[in-house]
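J.: got a predicted structure here, sequence first:
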Amino acid sequence: STQGPKGTSTLLGSLDDDSTRRLDSTRRRLNFLPAVPYPTSNLLLVGVPSATSSVTMNESDDSPKYVKLISATGTEVYCERSIAISASATMAAMLTSSMREAEENVVRLPDISGPILEKVVQYMYYKHEHSNSTGRLPEFKIEPEIALELLVASNYLNC
């Protein structure tokens, strides 16, 4: 992980303008929300503002707003802490106790690959967004080739 613009952490190192445009285009195509430095995003796949930024802290207290999830392949995915806690009983147990994960605000998931973790976090946001819906829910697309691995991960995370 390296330092990116405006105190952001990035997994990609430095990117030229063309690479940044391609990355943004890919995120839009895959329905990912924009990465930092856009503070309105919910899902941060590339970086998160530094801990000194008000974006990373809940306004009502000093607890972090985001939690870092680390996959078996080292992919770092940032998720709003409240969504992780409400969507996953396993993460709720880790993040609301005196466990190391709660103290460090980092959850290491050594049995879940990066692409699967990203899909799980997408589902957490989908679940959060549609939890109070009374009408027909939009389809949450799952590619058949990842279905089994996604099922195992969702069972482990209880989400």
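T.: Everything's here; your move.

J.: ok, the nearest residue to Ile112 once chain neighbours are set aside - contacts?
T.: The shortest distance from Ile112 to any non-neighbouring residue, by Cβ to Cβ, 6 or more residues apart in numbering, is to Ala153 (4.8 Å). All C-beta atoms are positioned from the backbone trio N, CA, C, and that covers glycine. With contact taken as Cβ atoms under 8 Å, 6 or more residues apart in numbering, Ala153 is in contact with 109, 111-112, 116-117, 120.

J.: for Lys127, see how far away Ser133 is.
T.: Remark: distance between Ser133 and Lys127 (Cβ to Cβ, to the nearest Å) = 10 Å.

J.: give me the more crowded residue out of the two.
T.: Per other Cβ atoms under 10 Å, whichever of Ser133 and Lys127 has more neighbours is Lys127, with 16 against 9.

J.: can you report phi and psi for the residue nearest to Ala72 when sequence neighbours are not counted?
T.: Of all residues not flanking Ala72 in the chain, Pro110 sits nearest, at 5.0 Å (Cβ to Cβ, 6+ apart). Dihedral angles of Pro110 (phi, psi; degrees, to the nearest 10) stand at phi -70, psi -10.

J.: which pLDDT value goes with Pro110?
T.: In the predicted model, Pro110 carries a pLDDT score of 95.

J.: so it makes contact with Thr73?
T.: No: at 9.9 Å, Pro110 does not count as touching Thr73 under the criterion of Cβ atoms under 8 Å.

J.: next, format the contacts of Ala153 as CSV and append distance to Pro138, secondary structure and neighbour count.
T.: Listed next are the contacts of Ala153 as CSV, based on distance: Cβ to Cβ, whole Å; DSSP: H, G, I helix; E, B strand; the rest coil; neighbours: other Cβ atoms under 10 Å:
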residue, distance to Pro138, secondary structure, neighbour count
Leu109, 27, strand, 21
Asp111, 29, coil, 11
Ile112, 25, coil, 25
Ile116, 21, helix, 22
Leu117, 22, helix, 24
Val120, 18, helix, 24
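
J.: give me the number of residues near the residue nearest to Ala72?
T.: 8.

J.: how much space between the residue nearest to Ile112 and Arg136?
T.: Taking Cβ to Cβ, one finds Ala153 at 26 Å from Arg136.

J.: same question for Ser97.
T.: From Ser97 to Arg136 the distance is 37 Å (Cβ to Cβ).

J.: give me the more crowded residue out of those two.
T.: Taking neighbours as other Cβ under 10 Å, Ser97 and Arg136 compare with Ser97 leading, 11 against 6.
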